[in-house]
Structures are given as structure tokens and as C-alpha cells.
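Enquirer: just the structure for this:
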Amino acid sequence: METLYQRLNGKEGITRIVDDFVAAHLANPAIKARFENVKDIDHAKRMGVEFMCAGAGGPQAYTGKDMLEAHKGMNISEQEYLAVMDDIVAGMTHEGVDDATKGEVIAILYSLKGDIIRV
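Expert: Numbering: from 1, shown residues only. Prediction:
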């Protein structure tokens, strides 16, 4: 059985997914302002790739802040969190990720919800 990392097509596939969902975030009226104000979007993308690679069981190490520290003081709402999740799912769909794999990624991301919303 392939690992989650392999089913996401490794670092290359994850990089495409991150590129897709960051572009969607920048166009999504619910969250666009937050992402337009990111000083170094390329760094944010790199951290997203590292985070997803490491979380999916890939060999890459995640060198960023933990989710609680990264989102502390941002007062992210439930609606914003769901908008981000929708964009991530759309990115996976665009890259041809199957439903079972998307479900695994969604479950992982939902497990982090408490470290992101209203912290």
C-alpha cells in the first residue's frame, strides 16, 4: 500500500497542490485579505510544502512554527478556516487526488483546528 506522501505524488505533487491552493486563497473573498498581506508568499508556500510533505510521511522536515504559534493572535474565524479547507480540497481535486486520500488529508487538517481558530 502506498503512503499518503506517495498518493499525493511526493514533493512535486504536494508543491502543485500548495501552488493551487495559495492561488485560490488569493482569489477567495473570504480570506484573500489575509493572504495578500503575507510579506513573503514564496516562504509561506515553502512552509506549506514542508508541512504537507512531513505530515504525509515524506522525508522532508518541517522547519516552520507549530500551528498554534503560527496562528496565535490572528483570531481566525470558523468561516475562514473552512474557506482555507475548501481551497485545499479544490487544489487536491485539481491535481487528481482520489477521494480517500483527500479524506485522510482533511482528517489531519481538522485535527489541527483547535490550534488555528481564534487563538
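
Enquirer: stretch 37-51: which residues count as buried?
Expert: Within stretch 37-51, the residues scored as buried using 16 or more other Cβ atoms under 10 Å are Ala44, Lys45, Met47, Gly48, Val49, Glu50, Phe51. No exception for glycine: its C-beta is placed from N, CA and C like everyone else's.

Enquirer: could I get these as JSON lines with distance to Asp115?
Expert: Shown next, in JSON lines, are the buried residues of stretch 37-51 (distance: Cβ to Cβ, whole Å):
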{"residue": "Ala44", "distance to Asp115": "17"}
{"residue": "Lys45", "distance to Asp115": "20"}
{"residue": "Met47", "distance to Asp115": "15"}
{"residue": "Gly48", "distance to Asp115": "16"}
{"residue": "Val49", "distance to Asp115": "19"}
{"residue": "Glu50", "distance to Asp115": "17"}
{"residue": "Phe51", "distance to Asp115": "12"}
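
Enquirer: what is the nearest of the residues you listed to Leu8?
Expert: Val49 (10.8 Å; Cβ to Cβ).

Enquirer: roughly how far apart are Gly48 and Met1?
Expert: As judged by Cβ to Cβ, to the nearest Å, Gly48 and Met1 stand 26 Å apart.

Enquirer: follow-up on the earlier one: inside helices: which ones of the buried residues of stretch 37-51?
Expert: With DSSP state H as the criterion, helices contain Ala44, Lys45, Met47, Gly48, Val49, Glu50, Phe51 from among those.

Enquirer: got the contact list for the residue nearest to the third one when sequence neighbours are not counted?
Expert: What it means is Met47. Spatial nearest neighbour of Met47, excluding adjacent residues (Cβ to Cβ, 6 or more residues apart in numbering): Gly64 at 4.2 Å. By Cβ atoms under 8 Å, 6 or more residues apart in numbering, the contact set of Gly64 is Met47, Glu50, Phe51, Ala70.

Enquirer: what of His25?
Expert: Contacts of His25 were listed using Cβ under 8 Å, 6+ apart, and they are Ile31, Lys32, Arg34, Phe35, Val84, Asp87.
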